[in-house]
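# next one to model:
(one chain, ligands or ions: 1)
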Amino acid sequence: RTVYVNGDYLPEEDAKISVFDRGFLFADGVYEVTSVLGGKLIDFEGHAVRLERSLAELDMGMPMTRDALLEIHRRLVAENRIEDGMVYLQVTRGAADRDFAYPPEGTAQTVVLFTQSKPGLADSPAARTGIRVATVPDLRWDRRDIKTVQLLYPSMGKMAAKAKGCDDAWMVEDGAITEGTSNNAYIVKDGVIVTRQLGPEILHGITRAAVLRFAREAQMKVEERAFTIEEAQAADEAFVTSATTFVTPVVEIDGVAVGKGAPGPVAQRLREIYLEESRKAGI
Ligand code: PMP
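Okay, here's the model as predicted:
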């Protein structure tokens with residue numbers, strides 16, 4: 001597999017990052033994951049815009065133009081023959097002597113991209129059966145809108161959920177669901193789609209934005225507000241969205257079946273619309 005590191009396209013075994021990289025020492029970096037369907041990048045523009053915002057929030061600039069980033073994405077997809085899968089992009093503040101203070105202006109950022117092939121990505125078993133989630137307290141920092149590589153807590157949450165026989169965790173703060181470990185969370189009650197409003201408490205999902213747009217275009221009702229575990233357990237449906245899972249039904253929350261305990265019609269319809277429209281708009 002070919003990977004991209006700081007200007008070079010290399011076989012993955014030849015790629016090197018400094019042990020002093022601030023991404024490694026301080027989780028001082030941000031990332032994006034763009035899915036690939038039929039060899040096309042899904043919502044590249046949205047991911048590029050969010051990357052720029054995440055970097056700016058951490059006083060970093062874009063390492064190169066959007067077009068240059070797109071070019072790297074495309075070359076890796078082509079060279080690695082990715083039909084369905086994803087492109088991972090990470091930008092860190094670069095390598096410098098270990099110091100909590102940021103390194104001097106002009107320190108080169110580290111830019112890494114790689115691909116992962118996932119044949120049949122759009123036809124996962126989870127989409128057909130739905131997933132089961134367990135709730136955990138949301139102990140992350142207060143700037144979850146910045147897509148940093150500090151992913152230890154969500155990783156622990158996922159492990160805690162798996163230890164309970166579930167597929168993923170939903171995180172809870174002040175009695176309300178914030179989001180999943182790596183996805184945005186939704187419920188459907190009496191035909192109304194409810195998902196938490198944007199703010200620093202959640203990542204502003206690119207898939208979320210697209211799905212809400214498609215839902216409104218299809219005349220479905222959407223409410224952007226916080227909801228509780230109890231409300232979610234009493235909902236007709238629940239689902240999650242992310243770049244690599246699209247729209248995936250949630251059929252159980254903390255051992256309580258949601259609705260009929262099977263993927264619901266709203267989630268299924270949104271998944272179909274999302275996949276169809278995304279494939280059409282892919283570049
Ligand atoms: N929330 C969190 C915490 C995430 O990690 C992700 C995926 N990276 C999402 C939501 C979904 O975002 P997107 O739709 O842009 O993949």
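
# interface residues of the stretch 1-150 of the chain facing the ligand?
V33 (C-beta under 6 Å from any ligand atom). For glycine as for every other residue, the C-beta is placed from the backbone atoms N, C-alpha and C.

# residue ranges for the helices of the stretch 1-150 of the chain, please.
Using DSSP state H, counting those that start in this stretch, the helices found in the stretch 1-150 of the chain span residues 22-26, 44-57, 66-79, 125-129.

# can I get those helices in JSON lines including mean pLDDT?
Listed next are those as JSON lines, based on pLDDT from 0 to 100:
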{"stretch": "helix 22-26", "mean pLDDT": "98"}
{"stretch": "helix 44-57", "mean pLDDT": "98"}
{"stretch": "helix 66-79", "mean pLDDT": "98"}
{"stretch": "helix 125-129", "mean pLDDT": "96"}
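
# pipe these into TSV and attach mean neighbour count per row.
Formatted as TSV, the entries for those read as follows, by neighbours: other C-beta atoms under 10 Å:
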stretch	mean neighbour count
helix 22-26	19
helix 44-57	18
helix 66-79	16
helix 125-129	14
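
# got the contact list for the closest residue to the ligand within the stretch 51-200 of the chain?
Closest residue of the stretch 51-200 of the chain to the ligand, C-beta to the nearest ligand atom: S182 (3.9 Å). For S182, the contact set (C-beta atoms under 8 Å, 6 or more residues apart in numbering) comprises P154, K158, D168, S242.

# ok, and the most crowded of those residues?
In terms of neighbours by other C-beta atoms under 10 Å, these top out with D168 at 23 neighbours.

# does that one touch V133 like I think?
Yes: D168 is within contact range of V133, at 5.2 Å (criterion: C-beta atoms under 8 Å).

# overlap in contacts of the two?
With C-beta under 8 Å, 6+ apart as the test, D168 and V133 both reach A161, G180.

# that older thread, Three-state assignment for the residue of the stretch 51-200 of the chain closest to the ligand, please.
coil (DSSP: H, G, I helix; E, B strand; the rest coil).

# give me phi/psi at the closest residue to P103 other than its chain neighbours?
Distances taken as C-beta to C-beta, 6 or more residues apart in numbering put A96 closest to P103, at 3.4 Å, once the chain neighbours are dropped. Torsion angles at A96 (phi, psi; degrees, to the nearest 10) stand at phi -160, psi 160.

# what about A96, neighbour count?
18.

# so for it, what's the pLDDT?
At A96, the model reports a pLDDT of 97.

# with the one 5 residues further on instead?
Model confidence at A101, expressed as pLDDT, equals 98.

# residues near it, how many?
So A101, with other C-beta under 10 Å, has 6 neighbours.

# the one 3 residues further on too?
Each residue near P104 was counted by other C-beta under 10 Å, and the total is 7.

# same check, this time on the one 10 residues further on
The local packing of F114 (other C-beta under 10 Å) involves 18 other residues.
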